[in-house]
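Colleague: Following is a predicted model, sequence given first.
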Amino acid sequence: MHVELQNIRKHFGSVKANDGISLTFEPGRIYGLLGENGAGKSTLMKILAGFQPADSGHILLDGQPAHFANPAAALRAGIGMVYQDPLDFPPFTVLENFLLGKDRRLALDFRAASAELKHLMGRYGFEIDPQANIQSLSLGERQQLELVRLLAGGGRLLILDEPTTGISAEQKDALFASMRHMARQEDRTLILVSHKLDEVQELCDHAYVLRAGGFAGEHPLPCDNNLLVEKMFGQVPRRSPRPALPLETNLLELQQVTVRTPRLTLQNINLTIRAGEVFGLAGLEGNGQELLMQAIAGLAPIASGRLLLAGRDITRHAYHQTLADGVAYIAAGRLEEGLVAGLSLTEHIILSAPRVKQTFFIRWEGARRVTAERIQAYEVVGTPQSNADQLSGGNQQRLLFAMLNPDLKLALLNQPTRGLDVRSADYIWETLYRRRAEGAAILFISPDLDEVIERSDRIAVFSGGQMSRIVKASQTSAEELGHLIGGRQ
Amino acid sequence: MNELLIVKILSSIILQSAPLMIAVTGETITERAGVVNLSLDGKMLLAAMTGFAVAYTTDSVYLGFLAAALIGALFALIVAFGSITLKLNQVAIGFVLTLLGSSLSAFLGQNFTRLPGPSVGKFSIPYLKDLPVLGPMFFDQNAIFYFAVLVVLAAWWWLFRTQPGLYLRGAGERPEAAFARGAGVNRLRYFYTLLGGALVGVAGAAYSLGIKIGWSENHTAGLGWIALAIVIFGGWSPIRGAIGAILFGATKALATVFQQNVAGVSVQTFNALPWVLMIVVLLLVSSDWVVRAAAWLPPRLRGPFLRLVQVAPPRALGVEFKQD
């Protein structure tokens, strides 16, 4: 199927998300759609997949104009999209999720659907139990399931939105292999939406680049990375240098720390982190790195062992006490755990002030002044009066860091640059380096191994609750970490 | 107590719980689609009054049930319009309608209090009714009981074994995903809110035309709240809800028996028994004890066990759906 987008326009309020974009997609090829956050990639793909209508412009399928009332109509025409957070139904079983919307028969035929599901999964090398609950699956498995569902529904053009964020290396390889199979053997069209250049280079035949809602260029792949970066940003962005620091005093010490939950146990963890150090934790989600961070923050109870911060025993400190001790924890879910959607930036800054500085009556004037200062210092696009949910993802992340108090000793960061483009991520790290120079230690989790290696002094990998040996970032590779993630020492 | 008396008590428990089974099923369907209709108590009162009044005036129980269903659907329409179209707070609308239904039923029912009127009769199933114990309990019952069983089974089948049932649950779990699969989420929610409301209306009339026949002020008061609690207790499943309704009736009967046999303890203590039991069960199934217990089971049984005992509300319950 030959698909053409002609002059697509879409705006939200005064923001032009798509400003007249025209692209062509041929069967049997894999396309990369590149662009930084807010470039308009997702909007354009949602229009193509029938999730939202364009303000103007045309979609042509084999030369015929098409209009989609909803994503189901788009799929009937052969276009399907796998979202970053797959649109499935967590409490359902795999089979029920597969069946929903599949046909128009009244009674469900579980047996036939199960056979079809198994057959399709076998063809693409996936393995998922049809009786399992969706909520027990990993993100990678849920993506595989969505892909299979779209294929069963007759998808000829498949869009994958940032599919490799948060999945394991093995799952990524399986996904890419299946995508190649769909394009080469079955003559389907695939579109990979991503801001990770290496992946696009590895998988795709052709790259389209968007910038600020418009078309910024295209290039056959593979090509020089810098050519693409220039098109994405207008110029090659500089990477902030990582200043060398002497690491001498021990700041955080874990002695034989054990943490137990019904799902996972961390046994006898020993770890010392020094002032000014950046320590990276890698591993697949749910393998213990997050639990360790929560235990240090006082959010998960430590069953045995000792936790020392600058020589003081804080093993039994609850979260509000560790906060007062100078520890900050930033959770992975920005709006779910980190921010309060309906509160203004000023109210956030007031809430984040240390207990001792809080007063019963709010001093609005002072609070607004501090907020304005922080907004400037952290380059947040917003006003003291804006609500947190009105900010873009990147600016929400900046707000989170603007809420960190000046006298910080230890920052615990779960995926500090999740979903951010290269430039926003670099900005976040720049502010973290400043904290580090002031003597704070940084302990962070990231699913992106390149980020872990580039930003850390030392790294530990978690697998099934076990902590690996500690490796020096300057002497390791993504390959070595990949092995450790798989549980091999 | 002789054996006959026990069978009689059991048989009356089953009958008493029939309207509750219908109401619980109605609200379960509504909530599964993502709408909370809290007006149950007032709706049942008004429907019980209307059902009896219409049946009394026309001398037809069928017209009585029809009128009660319409009242239930009308209340549901108000909830649906307010929460889905106007995007108002579902809890607030529900409460206001509860009060309205209760007062309206008292006012409009003034001329129908304590009158003898038509009622639904017994319906015996030949041969089966002669079975020992089970016969009188299940097969020599009021027609309302059979209707309730039919409603429960049909609702279960619809929810868990049909394509429209998947859409219905999808709309209540993750409306944006249901939309992506081609569901008209708000249209579905309207439909199931009305259907659930009509069933609750029928439940009201079932009470005044089959259980405690006639009408008096506050005739069914409290039943609606009980039904709402049993929807949660039943984990938003019609069959578990029905079992919950019967269990509730049984603990109430048990309370009466205790009360007659244990002297010196106040009536209220025993009347509180069903509630205490319900709270204990809810606490157990929502704690991580269930997860710990599952860890002892062989892996193959873990999934089904958790599905059976773990209770979670539809994720988008009470959450409005806006298409972007």
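Modeller: In hand now; what should we look at?
Colleague: State the distance from the nearest residue to A:L160 once chain neighbours are set aside to chain B.
Modeller: Excluding its sequence neighbours, the residue lying closest to A:L160 (C-beta to C-beta, 6 or more residues apart in numbering or on different chains) is A:V82, at 4.8 Å. C-beta here means a position set from N, CA and C on the backbone, and glycine is covered the same way. Distance of A:V82 to chain B, computed by C-beta to the nearest C-beta, to the nearest Å: 11 Å.
Colleague: For A:V82, give me phi and psi.
Modeller: Torsion angles at A:V82 (phi, psi; degrees, to the nearest 10) stand at phi -100, psi 120.
Colleague: Might you report the residue contacts of it?
Modeller: A:143, A:146-147, A:150, A:158-161, A:163 (C-beta atoms under 8 Å, 6 or more residues apart in numbering or on different chains).
Colleague: Can you tell me which of those residues end up in strands?
Modeller: A:158-161 (DSSP state E).
Colleague: Can you check which helix is longest in chain B?
Modeller: Longest helix in chain B, counting residues (DSSP state H): helix B:3-32.
Colleague: buried stuff in the next helix or strand after that one?
Modeller: Proceeding N to C from helix B:3-32, the next assigned helix or strand is helix B:40-58, under DSSP states H and E. For helix B:40-58, the neighbour count (16 or more other C-beta atoms under 10 Å in any protein chain shown) marks B:40-56 as buried.
Colleague: what residues does the stretch 101-250 of chain A put near chain B?
Modeller: A:101-108, A:131-133, A:136 (C-beta under 8 Å from any C-beta of the partner chain).
Colleague: What about those residues, which one has the most neighbours?
Modeller: A:G101 (22 neighbours; other C-beta atoms under 10 Å in any protein chain shown).
Colleague: State which one residue of the stretch 1-150 of chain B is found closest to chain A.
Modeller: Closest contact between the stretch 1-150 of chain B and chain A, by C-beta to the nearest C-beta, is at B:R32 (11.3 Å).
Colleague: contacting residues around the closest residue in space to that residue that isn't next to it in sequence?
Modeller: Once flanking residues are discounted, B:R32 sits nearest to B:G172: 4.9 Å by C-beta to C-beta, 6+ apart. Under the criterion of C-beta under 8 Å, 6+ apart, the neighbours of B:G172 are B:31-34, B:314-317.
Colleague: And for A:E248?
Modeller: A:274-275.
Colleague: before we move on, what SS does it have?
Modeller: Recorded secondary structure, A:E248: coil (DSSP: H, G, I helix; E, B strand; the rest coil).
Colleague: quick one: it and chain B, what's the gap?
Modeller: The separation that A:E248 has from chain B, given C-beta to the nearest C-beta, amounts to 43 Å.
Colleague: Off-centre distance for stretch B:110-119?
Modeller: Remark: stretch B:110-119 is offset 25 Å from the chain centroid, using C-alpha atoms, centre = their mean, to the nearest Å.
Colleague: Buried residues in it, which are they?
Modeller: B:112, B:117-119.
Colleague: Distance of the nearest residue to A:V381 once chain neighbours are set aside relative to chain B?
Modeller: Nearest non-adjacent residue to A:V381, counting by C-beta to C-beta, 6+ apart: A:N395, 5.1 Å away. The spacing between A:N395 and chain B, counted by C-beta to the nearest C-beta, is 20 Å.
Colleague: How about the contacts made by B:A148?
Modeller: With C-beta under 8 Å, 6+ apart, B:A148 has these contacts: B:18-19, B:21-22, B:25, B:206, B:242.
Colleague: about what we covered before: from the contacts of A:V82, pick the one nearest A:D198.
Modeller: Within the contacts of A:V82, proximity to A:D198 (C-beta to C-beta) peaks at A:P163, which comes in at 14.2 Å.
Colleague: mind showing which ranges of the chain have poor pLDDT?
Modeller: Going with chain A. A:235-240, A:356, A:487-489 (pLDDT under 70).
Colleague: hmm, I had chain B in mind actually
Modeller: In chain B, residues with pLDDT under 70: B:1-2, B:323-324.
Colleague: can you list the residues of the stretch 201-324 of chain B near chain A?
Modeller: So the stretch 201-324 of chain B meets chain A at B:288, B:291-292, B:295, B:303, B:307, B:312, B:315, B:324 (C-beta under 8 Å from any C-beta).
Colleague: the strands in the stretch 351-489 of chain A, which residues?
Modeller: A:410-414, A:441-445, A:458-463, A:466-467, A:471-472 (DSSP state E, counting those that start in this stretch).
Colleague: Could you find which two of the contacts of B:A148 are furthest from each other?
Modeller: Among the contacts of B:A148, B:A206 and B:A242 lie farthest apart (C-beta to C-beta), at 13.9 Å.
Colleague: neighbour-wise, which of those two wins?
Modeller: Neighbours were counted for B:A206 and for B:A242 using other C-beta under 10 Å; B:A206 has more, 30 against 27.
Colleague: Which parts of chain B are strands?
Modeller: So, for chain B - with DSSP E - the strands run B:122-124, B:140-142.
Colleague: Could you take those strands and lay them out as JSON lines, with extra columns for distance to chain A?
Modeller: Listed next are those as JSON lines, based on distance: least, C-beta to the nearest C-beta, whole Å:
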{"stretch": "strand B:122-124", "distance to chain A": "29"}
{"stretch": "strand B:140-142", "distance to chain A": "29"}
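Colleague: For chain B, what is the nearest residue in the stretch 201-350 of chain A?
Modeller: A:P262 (4.9 Å).
Colleague: B:V290 is in contact with that residue, correct?
Modeller: No. A:P262 is not in contact with B:V290 according to C-beta atoms under 8 Å; the separation is 9.8 Å.
Colleague: So those two - more neighbours on which side?
Modeller: Using other C-beta under 10 Å, the more surrounded residue of A:P262 and B:V290 is B:V290, with 18 against 12.
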